[in-house]
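> pasting the sequence and the predicted coordinates here, then a few questions.
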Amino acid sequence: MRSMAVMVDVPNRELGVGARRVVGLMEDNATVGVCAMRDGDRIVNTELEFNLGEAARLAELILSGDARAKTTPGLARILSASVAMLFRVSHAAGAFERQQEDFDGGDADDLGNQQEAGGEEDPDR
């Protein structure tokens, strides 16, 4: 038996009243588990397990247009579980809190203030 820190807990509409689907991080802090369970369950089997690094790589492949990556079994659940879990963790860490700094109208490091490189120019120079 392995433990999992539950990060997302939503109603499971496929199984009806009293059913939930949970997403959490396994004890290795790299594997995400997706489980279907009923109210009161303390022990369940994972329906799906995947590594966060693999999910990130899969998302990059799909964004790049890799047609083969789009056929990955469980793709929708992998990406949905990743987004939901990472959002909850980021939100809990305060990543989306509004900054209370004074806005000075611009920043010297703002990308809008930088010159564009021409077609033949090397942007690394």
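Right, received. Where do you want to start?
> top helix in the chain by residue count?
Criterion DSSP state H: the longest helix present in the chain is helix 75-92.
> pull the CA atoms of that helix into CSV?
As requested, the backbone C-alpha atoms of helix 75-92 are provided in CSV (Å, rounded to 0.1, in the frame of the first residue of the first chain):
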residue,chain,number,x,y,z
LEU,A,75,-4.2,12.0,-22.5
ALA,A,76,-7.2,14.1,-21.3
ARG,A,77,-7.0,12.7,-17.8
ILE,A,78,-3.2,13.1,-17.6
LEU,A,79,-3.3,16.7,-18.7
SER,A,80,-6.4,17.6,-16.7
ALA,A,81,-5.0,16.0,-13.5
SER,A,82,-1.7,17.8,-14.0
VAL,A,83,-3.3,21.2,-14.5
ALA,A,84,-5.8,20.8,-11.6
MET,A,85,-3.1,19.6,-9.2
LEU,A,86,-0.4,22.1,-10.1
PHE,A,87,-3.0,25.0,-9.9
ARG,A,88,-4.1,24.0,-6.4
VAL,A,89,-0.5,23.7,-5.2
SER,A,90,0.5,27.0,-6.8
HIS,A,91,-2.5,28.7,-5.4
ALA,A,92,-1.9,27.4,-1.9
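> and that helix, which residues are buried?
Buried residues in helix 75-92, counted by 16 or more other Cβ atoms under 10 Å: 78-79, 81-82, 84-86. (C-beta placed from N, C-alpha, C; glycine too.)
> who does that helix touch, helix- and strand-wise?
Applying 3 or more Cβ pairs under 8 Å, 6 or more residues apart in numbering; DSSP states H and E, we find helix 75-92 packed against strand 4-11, strand 19-26, strand 31-38, strand 48-51, helix 52-63.
> perfect, that will be all.
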